[in-house]
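[1] only geometry, no sequence info:
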Ligand SMILES: O=C(O)CCC(=O)C(=O)O
């Protein structure tokens with residue numbers, strides 16, 4: 001009798017295991033069978049939890065993955081150089097647009113200088129760094145090369161690997177220019193605040209087999225930088241440091257052999273986490289250095305206010321200046337979305353940057369409930 005009951009129980013539990021396995025496999029099959037762009041929608045039907053579905057890799061991420069070499073280098077050093085992102089034609093388009101807006105360039109003088117006088121970073125002591133912004137809103141075709149950085153096929157894999165699907169443009173991007181003799185920029189960023197606390201808003205983390213950056217930067221080099229020229233400089237591995245960075249290192253006065261100035265060609269992009277201690281060396285090259293800085297954050301995180309602020313905190317504008325958004329492609333447009341969780345109908349860039357992945361619409365009964373409770377479409 002006991003043996004009969006035990007055998008029946010064993011059969012039942014085996015059937016449960018088989019049923020559960022079949023359910024799991026049919027979910028997997030459903031996902032595999034559907035076209036890549038439908039996978040978000042299919043996963044809703046399969047009942048996968050919202051967060052897992054929205055935060056997981058997008059269909060196509062595997063084919064456009066960052067190489068193991070670059071993953072190793074990024075995790076170890078806090079940056080990686082992506083070669084040949086922009087062609088000679090692209091570079092011409094960038095430079096033509098900049099030259100056409102040269103009257104908008106501002107040089108940092110007086111209080112706006114970025115280095116203390118007579119220090120290794122202060123250059124000739126007179127020539128300041130030059131800054132230019134607003135290019136996402138320039139008249140076509142001048143805005144086009146700058147907009148292409150937002151969803152570029154050679155860069156999206158790094159954004160998905162390091163920031164996650166649904167990544168967003170965090171800051172207003174900036175063009176930095178240094179004429180010969182120009183000062184640098186004291187080292188900043190870093191994993192540890194001067195108080196000794198963790199600098200989590202810039203945080204770099206590795207958990208559950210994934211790297212994540214709360215603020216990822218692109219230094220898009222529009223001109224060549226040779227070894228010893230100066231320009232962008234980074235303390236390798238400093239994104240994992242737990243100690244306050246001493247002022248003598250920030251001012252490039254001590255242990256300078258640990259600060260690395262990569263030699264790069266025009267068209268290369270240095271992808272780095274703002275959790276590294278990094279800055280700029282004075283410019284010793286022969287011609288003007290031009291470098292674009294873009295910063296990206298995960299879908300639900302924001303550092304800057306540019307995405308939602310018209311300057312008046314009492315009346316925040318819903319989005320970036322209209323001129324930035326007009327005429328953008330769908331993929332570029334979704335990178336400009338304000339911060340919110342990907343599960344809330346966030347449109348994401350496709351892994352090959354050819355368009356967007358739209359999530360399955362949020363279920364009508366949930367939307368109805370939110371409208372009833374919050375008088376709005378979303379909580
Ligand atoms: O000069 C550079 O490329 C680095 C500039 C920088 O770190 C910054 O603007 O935050």
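    Great, that's in hand. From a predicted model like this one, the values you see are computed outputs, not experimental measurements.

[2] pLDDT weak spots in this structure?
    1-49, 308-318 (pLDDT under 70).

[3] Next, the closest residue to the ligand within the stretch 51-200 of the chain: secondary structure please.
    Ranked by C-beta to the nearest ligand atom, the top residue of the stretch 51-200 of the chain for proximity to the ligand is residue 176, at 5.0 Å. Where you see a C-beta, it was placed from the backbone N, CA and C, and this is true even at glycine. Under DSSP: H, G, I helix; E, B strand; the rest coil, residue 176 falls in the strand class.

[4] Now for the residue minimising distance to the centre of the chain: which residues touch it?
    Nearest to the geometric centre of the chain sits residue 296, at 3.0 Å (C-alpha atoms, centre = their mean). Residues in contact with residue 296, defined by C-beta atoms under 8 Å, 6 or more residues apart in numbering, are 159, 163, 167-170, 215-218, 335.

[5] Make JSON lines from the residues you listed and add distance to the ligand to it.
    Output for the contacts of residue 296, formatted as JSON lines (distance: C-beta to the nearest ligand atom, whole Å):
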{"residue": "159", "distance to the ligand": "18"}
{"residue": "163", "distance to the ligand": "17"}
{"residue": "167", "distance to the ligand": "19"}
{"residue": "168", "distance to the ligand": "18"}
{"residue": "169", "distance to the ligand": "15"}
{"residue": "170", "distance to the ligand": "12"}
{"residue": "215", "distance to the ligand": "11"}
{"residue": "216", "distance to the ligand": "13"}
{"residue": "217", "distance to the ligand": "7"}
{"residue": "218", "distance to the ligand": "10"}
{"residue": "335", "distance to the ligand": "20"}
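
[6] Select only the buried ones of the residues you listed in PyMOL?
    Selection of the buried residues among those in PyMOL, burial being defined by 16 or more other C-beta atoms under 10 Å:
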select buried, resi 159+163+167+168+169+170+215+216+217+218+335
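
[7] helix or strand for the residue nearest to the centre of the chain, which one?
    strand 289-297 (DSSP states H and E).

[8] Could you confirm whether that strand reaches the ligand?
    Yes - for strand 289-297, a contact with the ligand is found by C-beta under 6 Å from any ligand atom, at 291, 293.

[9] can you give me the angle that strand makes with strand 174-178?
    Here the directions of strand 289-297 and strand 174-178 differ by 150 degrees (axes from the mean of the first three to the mean of the last three C-alpha atoms, to 10 degrees).

[10] returning to that earlier point: among the contacts of residue 296, which are located in strands?
    Mapping these onto strands (DSSP state E) picks out 168-169, 216-218.

[11] So which of these is the closest to residue 274?
    Set against residue 274, the nearest of those by C-beta to C-beta is residue 217 (5.6 Å).

[12] what sits against the spatially closest residue to the residue of the stretch 51-200 of the chain closest to the ligand that is not a sequence neighbour?
    Spatial nearest neighbour of residue 176, excluding adjacent residues (C-beta to C-beta, 6 or more residues apart in numbering): residue 291 at 4.9 Å. The contact partners of residue 291, taken as C-beta under 8 Å, 6+ apart, are 175-177, 219-223, 231-232.

[13] in the sheet, who's paired with the residue in the stretch 251-379 of the chain that the ligand sits nearest to?
    Residue of the stretch 251-379 of the chain nearest the ligand, by C-beta to the nearest ligand atom: residue 280 (3.4 Å). Per DSSP bridges, the residues bridged to residue 280 are residue 185, residue 232.

[14] residues contacting the closest residue to residue 272 other than its chain neighbours?
    Distances taken as C-beta to C-beta, 6+ apart place residue 79 nearest to residue 272, at 3.5 Å, with adjacent residues excluded. By C-beta under 8 Å, 6+ apart, the contact set of residue 79 is 73, 234, 236, 262, 270-273, 276, 278.

[15] before we move on, the earlier item: contacts for whichever helix or strand comes after the strand holding residue 296?
    Once the chain leaves strand 289-297, the next helix or strand it forms, by DSSP H and E, is helix 322-325. With contact meaning C-beta under 8 Å, 6+ apart, helix 322-325 is reached by 136-137, 319, 333, 336.

[16] Who wins on neighbours among those?
    The residue in these with the most neighbours, by other C-beta atoms under 10 Å, is residue 136 (22 neighbours).

[17] SS state for it?
    helix.

[18] Tally up the residues packed near the closest residue to it other than its chain neighbours, please.
    Residue nearest to residue 136 in three dimensions, not counting chain neighbours: residue 324, with 4.3 Å by C-beta to C-beta, 6+ apart. Per other C-beta under 10 Å, the neighbour tally for residue 324 reads 24.

[19] And residue 324, how far from residue 171?
    Taking C-beta to C-beta, to the nearest Å as the measure, residue 324 falls 13 Å from residue 171.

[20] Next: residue 73.
    24 Å.

[21] So for those two, which sits in the more crowded spot?
    residue 171 (20 against 16).

[22] For the more buried one, give its distance to residue 357.
    Separation of residue 171 from residue 357 (C-beta to C-beta): 24 Å.

[23] Pick out the residue in the stretch 101-250 of the chain sitting closest to the ligand.
    Closest point on the stretch 101-250 of the chain to the ligand, by C-beta to the nearest ligand atom, is residue 232, at 3.5 Å.
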